[in-house]
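Asker: What follows is a predicted protein model with its sequence.
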Amino acid sequence: MSIARLYQIGKTFLNYGLDELLPQQLQPWYAKLLRKVLFWLPNKHADKSAGARLRLALQTLGPVWVKFGQMLSTRRDLLPPDIAIELAELQDNVKPFCGTDAQKLIEKALEIDDIAALFEQFDQQPLASASIAQVHSAKLHTEDGLKDVVIKVIRPDIEKQILADLSLMEQFAKLLAGLVSEGRRLRPVEVVREYRKTLLDELDLMREGANAIQLRRNFEGSEALYIPEVYSEYSRQNVLVMERIYGIPVSDTETLIEQGTDMKLLAERGVEVFFTQVFRDSFFHADMHPGNIFVSYETPHNPKYIGIDCGIVGTLNREDKRYLAENFIAFFNRDYRQVAQLHVDSGWVPADTCVEEFEFAIRTVCEPIFNKPLAEISFGHVLVNLFNTARRFNMEVQPQLVLLQKTLLYVEGLGRQLYPQLDLWKTAKPFLEHWVQEQVGPLAVAKKMYQNLPFWAEKMPELPDLIYQSLKRQNQRPQAVSNGLSKQTVQSILLGMAASALAIISGLCFIAELHGASLFSAIVALLIFISAWRKTG
Ligand SMILES: Nc1ncnc2c1ncn2[C@@H]1O[C@H](COP(=O)(O)OP(=O)(O)OP(=O)(O)O)[C@@H](O)[C@H]1O
């Protein structure tokens with residue numbers, strides 16, 4: 001750990017009076033003493049608000065801290081709103097690195113002597129420069145001719161700097177957690193750990209490329225979202241080559257309106273795209289800040305989004321999705337008892353949780369939300385409130401759900417910026433209800449059975465043998481030896497055999513693509529199996 005860097009960080013914190021963010025009465029004696037000893041580092045910005053001081057301090061400390069502040073700005077569950085708003089203004093104003101160096105890095109990564117071997121018109125002047133990577137434009141030679149591309153290159157030596165700053169950040173987080181109980185409430189160690197993972201993932205452009213390919217495949221032919229093509233054969237850990245897109249930045253509402261864009265449809269499509277990613281694909285773009293979203297110039301009456309920078313994505317499993325969908329539906333029906341019961345039934349909170357108490361806590365934080373008209377209610381804030389309450393009742397909220405909640409806040413912000421009257425609930429409700437409908441009911445059971453048919457088709461031939469072996473073993477038990485097989489056991493063998501035969505037929509029908517017959521025989525086989533099993537019981 002660099003002592004000089006540690007001193008610089010400490011100095012910045014004190015010069016911006018960040019120690020004062022923690023109320024005096026909560027500070028332990030040794031922290032107060034240390035503050036007095038370092039008398040030559042006064043708070044030089046006492047006239048500014050706490051949020052502004054935090055923002056300026058992070059800006060002074062450089063890109064790793066700026067990105068951290070940006071991430072914190074979305075954690076409305078942890079920070080007071082005024083501080084979160086200040087942090088949202090953080091911009092990573094980093095100088096671009098030299099274009100010749102970028103060219104050399106590309107040549108080295110792609111093992112070519114001259115960039116002209118693959119690309120034409122490589123522009124040494126970057127198109128954009130951010131804290132971790134820089135983007136250059138070029139034209140790529142392909143079988144179909146020259147293609148406009150951008151090449152994203154990771155900054156040289158950035159990894160070393162990031163690792164050093166992250167380790168200091170971890171020390172500070174531990175200090176804060178150990179210092180006072182209020183510090184622990186902010187869960188600094190977990191927050192920094194999560195940030196570490198996100199930041200290190202962003203250093204691997206192969207991962208970003210793979211995410212973009214998956215997202216592009218999920219939205220192949222979609223009218224709502226376009227993801228540029230990734231040229232994976234020219235992509236490495238520190239270099240990513242992809243199709244160049246030309247679109248209107250989504251924050252440029254003026255141009256969008258001038259173009260005659262259907263703003264209502266555009267806003268609704270944003271919500272639809274998000275819910276499709278979450279509920280249909282279980283794979284969502286989780287870095288939806290306005291700089292990563294564009295709108296195609298084509299068909300403004302049928303507007304299409306273009307998404308870039310797939311470095312951070314979230315995935316949800318079936319339980320997470322159920323949690324979300326059922327809770328949203330119960331919440332919007334103001335059925336807090338159902339919300340509480342869902343948490344207990346599914347084991348999200350301990351089984352001995354008092355449902356009435358939990359219901360009351362949820363009601364207390366959620367009911368005031370309904371003071372607003374339905375169209376103005378924020379899904380993101382509903383989740384923030386729900387997670388905070390659930391945490392108090394010992395629910396471990398999964399990082400994937402927190403990532404989703406943050407993305408939802410972005411999506412909502414974006415939608416309302418495009419079309420202030422956007423009714424999120426009206427757009428999302430059919431999605432959620434349809435999804436829940438698909439998960440329960442006879443059709444869902446049949447679908448699940450149908451999906452499992454190949455497995456059963458493979459296992460069925462072994463079943464008669466297994467039944468025979470099991471009965472044989474039972475027969476060898478002392479009482480069975482004396483009595484021989486009972487009438488019930490014989491019946492169950494026969495039923496088992498019949499069911500196995502039917503299951504084999506079902507498997508064969510499936511292979512022969514006679515899906516209706518396959519499904520029917522599978523259902524009958526299952527019913528006979530249940531009846532055989534009950535007889536043996
Ligand atoms: N395929 C593309 N076509 C055209 N421009 C692009 C493309 N990809 C990136 N850019 C430009 O480069 C900028 C930075 O790209 P990107 O967001 O991928 O980088 P980043 O380093 O992850 O930045 P940040 O983390 O700040 O979002 C974009 O805002 C956009 O202007």
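Answerer: Looks like it came in fine. Just so it is clear, the structure is predicted and the values come from calculations on it, not from any experiment.

Asker: So which bits of the chain are right by the ligand?
Answerer: Listed as neighbours of the ligand in the chain under the rule CB under 6 Å from any ligand atom: 127-128, 130, 132-133, 135, 150, 152, 228, 242, 244-245, 291-292, 308-309, 311. For every residue, glycine as well, the C-beta is placed using N, CA and C.

Asker: what about the residue of the stretch 351-500 of the chain found nearest the ligand, how many neighbours?
Answerer: Nearest to the ligand, among the residues of the stretch 351-500 of the chain, is residue 410, at 12.4 Å (CB to the nearest ligand atom). Residue 410 sits with 21 neighbouring residues when counted by other CB atoms under 10 Å.

Asker: For it, which non-adjacent residue is spatially closest?
Answerer: Leaving aside its chain neighbours, residue 410 sits nearest to residue 288 (4.4 Å; criterion: CB to CB, 6 or more residues apart in numbering).

Asker: so who does the residue of the stretch 351-500 of the chain closest to the ligand touch?
Answerer: 74, 288, 289 (CB atoms under 8 Å, 6 or more residues apart in numbering).

Asker: Let me know the pLDDT of the closest residue to residue 290 other than its chain neighbours.
Answerer: What sits nearest to residue 290 in space, not counting adjacent residues and going by CB to CB, 6+ apart, is residue 251, at 4.2 Å. For residue 251, the model assigns a pLDDT of 88.

Asker: Could you grab the helix/strand/coil label for residue 251?
Answerer: State at residue 251, reduced to three classes by DSSP: H, G, I helix; E, B strand; the rest coil: coil.

Asker: which residues are in contact with the strand or helix carrying residue 164?
Answerer: Following DSSP states H and E, one finds residue 164 within helix 158-179. When contacts are defined by CB under 8 Å, 6+ apart, helix 158-179 is touched by residues 1-2, 5-6, 9, 22, 27-28, 31, 61-62, 64-65, 68, 131-132, 183-184, 186-189, 191-193, 195-196, 199-200, 203.

Asker: which residues does the residue nearest to residue 238 when sequence neighbours are not counted bridge with?
Answerer: Once flanking residues are discounted, residue 238 sits nearest to residue 154: 4.1 Å by CB to CB, 6+ apart. When bridges are called by DSSP bridges, residue 154 pairs up with residue 133.

Asker: can you give me the strands in the stretch 201-350 of the chain?
Answerer: Listed in chain order, the strands of the stretch 201-350 of the chain (DSSP state E, counting those that start in this stretch) span 225-226, 239-243, 247-249, 283-285, 293-296, 305-307, 313-315.

Asker: rewinding a little: of the residues of the chain next to the ligand, grab the buried ones for ChimeraX.
Answerer: Burial among these is assessed by 16 or more other CB atoms under 10 Å; the matching ChimeraX selection reads:
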select :130,132,133,135,150,152,228,242,244,245,292,308,309,311
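
Asker: picking that back up, which of the contacts of helix 158-179 are buried?
Answerer: Taking 16+ other CB under 10 Å as the criterion, what is buried in the contacts of helix 158-179 is 9, 22, 27, 61, 64-65, 68, 131-132, 183, 186-189, 191-192, 195-196, 199, 203.

Asker: residue ranges with poor pLDDT in the stretch 51-200 of the chain?
Answerer: The stretch 51-200 of the chain contains residues with pLDDT under 70 at 76-77, 93, 179-186.

Asker: just the helices in it please.
Answerer: Per DSSP state H, counting those that start in this stretch, the stretch 51-200 of the chain carries helices over the ranges 63-73, 81-87, 99-109, 158-179, 181-185, 188-202.

Asker: quick one: the last one to chain centroid distance?
Answerer: Spelled out, that is helix 188-202. Helix 188-202 sits 14 Å away from the centroid of its parent chain (CA atoms, centre = their mean, to the nearest Å).

Asker: Likewise for the longest one?
Answerer: Shown here is helix 158-179, whose average C-alpha point lies 24 Å from the average C-alpha point of the whole chain (CA atoms, centre = their mean).

Asker: same question, the second one
Answerer: In terms of CA atoms, centre = their mean, the centre of helix 81-87 is set 22 Å apart from its chain centre.

Asker: contact partners of it?
Answerer: Helix 81-87 is touched from outside by 49-52, 54-55, 58, 69-70, 72-76, 79, with contacts defined as CB under 8 Å, 6+ apart.

Asker: For residue 385, what is the enclosing helix or strand?
Answerer: Using DSSP H and E, residue 385 sits within helix 379-392.

Asker: which parts of whichever helix or strand comes after that helix are buried?
Answerer: Using DSSP H and E, the helix or strand that follows helix 379-392 in sequence is helix 399-418. The neighbour-count check on helix 399-418 (16+ other CB under 10 Å) flags 400-418 as buried.

Asker: tally of neighbours for the closest residue in space to residue 73 that isn't next to it in sequence?
Answerer: Spatial nearest neighbour of residue 73, excluding adjacent residues (CB to CB, 6+ apart): residue 87 at 3.5 Å. By other CB under 10 Å, the residues close to residue 87 number 22.

Asker: do the same with residue 427
Answerer: 18.

Asker: tell me the average confidence for the host helix or strand of it?
Answerer: Element membership for residue 427 (DSSP H and E) is helix 424-439. Across helix 424-439, pLDDT averages out at 81.

Asker: between that helix and helix 399-418, how many degrees?
Answerer: If you take axes from the mean of the first three to the mean of the last three CA atoms, to 10 degrees, helix 424-439 sits at 140 degrees to helix 399-418.

Asker: same for helix 424-439, what does it pack against?
Answerer: If you count contacts as 3 or more CB pairs under 8 Å, 6 or more residues apart in numbering; DSSP states H and E, helix 424-439 packs onto helix 263-275, helix 318-332, helix 379-392.

Asker: Now it: buried residues?
Answerer: Using 16+ other CB under 10 Å as the test for burial, helix 424-439 gives 424, 425, 427, 428, 431, 432, 435, 436.

Asker: domain ranges for this protein?
Answerer: Using automatic domain parsing, the domain ranges for the chain come out as 1-93, 94-244, 260-439, 441-536.

Asker: Quote the end-to-end distance of the longest one.
Answerer: In this case it means domain 260-439. Terminal residues of domain 260-439 lie 40 Å apart, using CA to CA, to the nearest Å.

Asker: Measure how far that domain is from the centre of its chain, please.
Answerer: On CA atoms, centre = their mean, the centre of domain 260-439 falls 12 Å from the chain's centre.

Asker: Kindly report the same for the first one.
Answerer: Remark: domain 1-93 is offset 28 Å from the chain centroid, using CA atoms, centre = their mean.

Asker: picking up where we left off before, any idea how far the residue nearest to residue 73 is from residue 158?
Answerer: Applying CB to CB, to the nearest Å, the value for residue 87 to residue 158 is 22 Å.

Asker: Kindly report the same for residue 300.
Answerer: Taken as CB to CB, the span from residue 300 to residue 158 is 39 Å.

Asker: swap in residue 255?
Answerer: Here the criterion is CB to CB. By it, residue 255 lies 33 Å from residue 158.

Asker: Residue 431 too?
Answerer: Look at residue 431 and residue 158: by CB to CB, they are 39 Å apart.

Asker: Let me know the average pLDDT across the strand or helix carrying residue 489.
Answerer: Per DSSP H and E: residue 489 is located in helix 487-511. The average of the pLDDT scores along helix 487-511 is 74.

Asker: Flag every buried residue along stretch 143-156.
Answerer: 149, 150, 151, 152, 153, 154, 155.

Asker: How about stretch 119-126?
Answerer: 119, 122, 126.

Asker: Name the residues that touch it?
Answerer: With CB under 8 Å, 6+ apart, stretch 119-126 has contacts from 96, 99-100, 102-103, 106, 115-116, 134-141, 146, 149, 151.

Asker: what distance separates it from the centre of its chain?
Answerer: The chain centre lies 34 Å from the centre of stretch 119-126; the measure is CA atoms, centre = their mean.

Asker: okay, now residue 358: neighbour count?
Answerer: Counted with other CB under 10 Å, residues neighbouring residue 358 total 23.
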